[in-house]
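1. pasting a predicted model and its sequence here:
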Amino acid sequence: MKKVKAEKEFIESVGIDVSKLTIDVYLYNAKLHRQFENSEKGFEQMQQWIKGKVGSESSIIYCFEHTGWYCILLSHFLHNQSVHYCCINPLEIKRSMGLKRGKTDKTDSYEIARFAWLRKEELEVSIPMPVKLIELQRLMSLREQFVKQSTALKNLEKGMLVTLKNSKGDIGIKTIKQSLRQIEVHIKNVEKAMEELIKTEPKMMKNFKLSKSVKGVGKVLAIQMLLHTHNYTRFGVWREFSAYCGLVPYPFQSGTSIKGKNKTHSICDVKMKSLLSMSAISAIQHDAELKTYYQKRVEEGKPKMVALNIIRNKIVSRIFATIKRGTPYVELSLYAA
């Protein structure tokens, strides 16, 4: 979700623990807790309850964890009500809690409210993802499920073949192959639907095409870039996105201990990091400039993963450059004298 800096002074923080059917709400300073339905009706009841206890909503900051689909309806409701809210990475709140024993929805909502209150001057107000990007995300999630099913069936097939002397005519292998063919059709249909959806939004379509002009960037990565950058409105510069993906090395040093090598951080978007790794491997194979650069770095003694990470960052910088410039990527080495 896109974020903007909060400029108000808040007098109360509201922590919301979101689950599939319910939301647990905790008012930090008032020390009050109540549970509501995770629905439009439940949100309206929550709002009336909070107004009755605190008063003006303009001086309240709402905070909840990003729980995927479960929090989308709440995000849009709060945004339409013009109230300040923050949708936070669950890992941030978990790390702020320290060692805790036991877990209930009430204590979770309390911890979220406490997190928001203690960081009220640092928090950034969230803005929900546009409706078309939400629809695109839904289709991408569906595709990912089909891919997981396909991988599971392929692994099962390999295991079954080990025990079979003759797989010809085996009902198990036959069923798996039929299922794999059907899943492949589903994946193609979903990908077609995603491309059709992208075509309905000119700016999204333009950015999709521009990102695909970079060597190593395929259809899936281009769509994931649209989703994770909110159509390139979420991050100001490419380095911010690289840090989000865990591609930026940071120094690790403590007191008088010997300074170690810079390392990428473990807190990152693992999915994007993995996709960019595959993109970098593809780019090394098909982009002469990146292939030469990678080989040179390895020959100089750089570990292969370090060299690969440099390529990942180069791909990200190229994508952002094409979007900013508004023209497709040009491989300059093709025009070198």
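-> Great, that's in hand.

2. which SSE is immediately downstream of the longest helix seen in the chain?
-> The residue-count maximum for a helix in the chain (DSSP state H) belongs to helix 131-163. Using DSSP states H and E, the next helix or strand after helix 131-163 towards the C-terminus is helix 171-199.

3. which residues belonging to that following helix are considered buried?
-> Within helix 171-199, the residues scored as buried using 16 or more other C-beta atoms under 10 Å are I173, I176, I183, I187, V190, E191, M194, L197, I198. Every residue, glycine included, has its C-beta placed from N, CA and C.

4. my read: the fourth one touches V147, true?
-> Yes - counting by C-beta atoms under 8 Å, I187 sits close enough to V147 to count as a contact (6.8 Å).

5. what does the residue nearest in space to the middle of the chain show for phi and psi?
-> Nearest residue to the geometric centre of the chain (C-alpha atoms, centre = their mean): H228, 5.2 Å. Main-chain torsions, H228, degrees, to the nearest 10: phi -80, psi -20.

6. please apply the same query to I60.
-> phi -120, psi 140.

7. contacting residues for it?
-> Shown in contact with I60 (C-beta atoms under 8 Å, 6 or more residues apart in numbering): F10, I11, E12, S13, V14, I50, V54, V83, H84.

8. can you check what pLDDT the model gives it?
-> In the prediction, the pLDDT value recorded for I60 is 90.

9. could you check how far it is from M205?
-> 39 Å (C-beta to C-beta, to the nearest Å).

10. mind listing the helices for this structure?
-> Going by DSSP H, the chain shows helices at 40-54, 72-80, 90-97, 105-118, 131-163, 171-199, 202-212, 219-228, 238-244, 270-286, 288-299, 304-325.

11. redo these as JSON lines? Include distance to H33 and mean pLDDT.
-> Formatted as JSON lines, the helices of the chain follow (distance: least, C-beta to C-beta, whole Å; pLDDT from 0 to 100):
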{"stretch": "helix 40-54", "distance to H33": "11", "mean pLDDT": "93"}
{"stretch": "helix 72-80", "distance to H33": "17", "mean pLDDT": "90"}
{"stretch": "helix 90-97", "distance to H33": "17", "mean pLDDT": "76"}
{"stretch": "helix 105-118", "distance to H33": "5", "mean pLDDT": "91"}
{"stretch": "helix 131-163", "distance to H33": "30", "mean pLDDT": "93"}
{"stretch": "helix 171-199", "distance to H33": "40", "mean pLDDT": "96"}
{"stretch": "helix 202-212", "distance to H33": "41", "mean pLDDT": "96"}
{"stretch": "helix 219-228", "distance to H33": "34", "mean pLDDT": "95"}
{"stretch": "helix 238-244", "distance to H33": "33", "mean pLDDT": "91"}
{"stretch": "helix 270-286", "distance to H33": "33", "mean pLDDT": "92"}
{"stretch": "helix 288-299", "distance to H33": "55", "mean pLDDT": "93"}
{"stretch": "helix 304-325", "distance to H33": "43", "mean pLDDT": "94"}
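
12. could you export those helices as TSV, including distance to S19?
-> Shown next, in TSV, are the helices of the chain (distance: least, C-beta to C-beta, whole Å):
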stretch	distance to S19
helix 40-54	12
helix 72-80	11
helix 90-97	13
helix 105-118	7
helix 131-163	18
helix 171-199	27
helix 202-212	32
helix 219-228	24
helix 238-244	26
helix 270-286	23
helix 288-299	45
helix 304-325	35
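
13. show me the one of those helices that comes nearest Y26.
-> helix 105-118 (3.9 Å; C-beta to C-beta).

14. tell me the helices and strands packed up against that closest one.
-> Packing partners of helix 105-118 (3 or more C-beta pairs under 8 Å, 6 or more residues apart in numbering; DSSP states H and E): strand 12-18, strand 22-27, strand 32-37, strand 60-65, strand 84-88, helix 90-97.

15. any chance of these in a markdown table, with distance to V306 too?
-> Shown next, in a markdown table, are those (distance: least, C-beta to C-beta, whole Å):
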| stretch | distance to V306 |
| --- | --- |
| strand 12-18 | 39 |
| strand 22-27 | 44 |
| strand 32-37 | 49 |
| strand 60-65 | 33 |
| strand 84-88 | 31 |
| helix 90-97 | 25 |
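
16. list the buried ones in stretch 236-246?
-> Within stretch 236-246, the residues that count as buried by 16+ other C-beta under 10 Å are W238, F241, S242, Y244, C245, G246.

17. give me the distance from that stretch to the chain's centre.
-> 12 Å (C-alpha atoms, centre = their mean, to the nearest Å).

18. just stretch 54-64 next, same as before
-> That offset, for stretch 54-64, works out to 27 Å (C-alpha atoms, centre = their mean).

19. measure it end to end?
-> Using C-alpha to C-alpha, to the nearest Å, the end-to-end distance of stretch 54-64 comes out at 19 Å.

20. now do the buried residues in it.
-> V54, E57, I60, I61, Y62, C63, F64.

21. which pair of these spans the longest distance?
-> V54 and F64 (17.0 Å).

22. ok, Q224 - contacts?
-> Applying C-beta under 8 Å, 6+ apart, the residues near Q224 are M140, K271, M272, L275.

23. thank you kindly, that will do.
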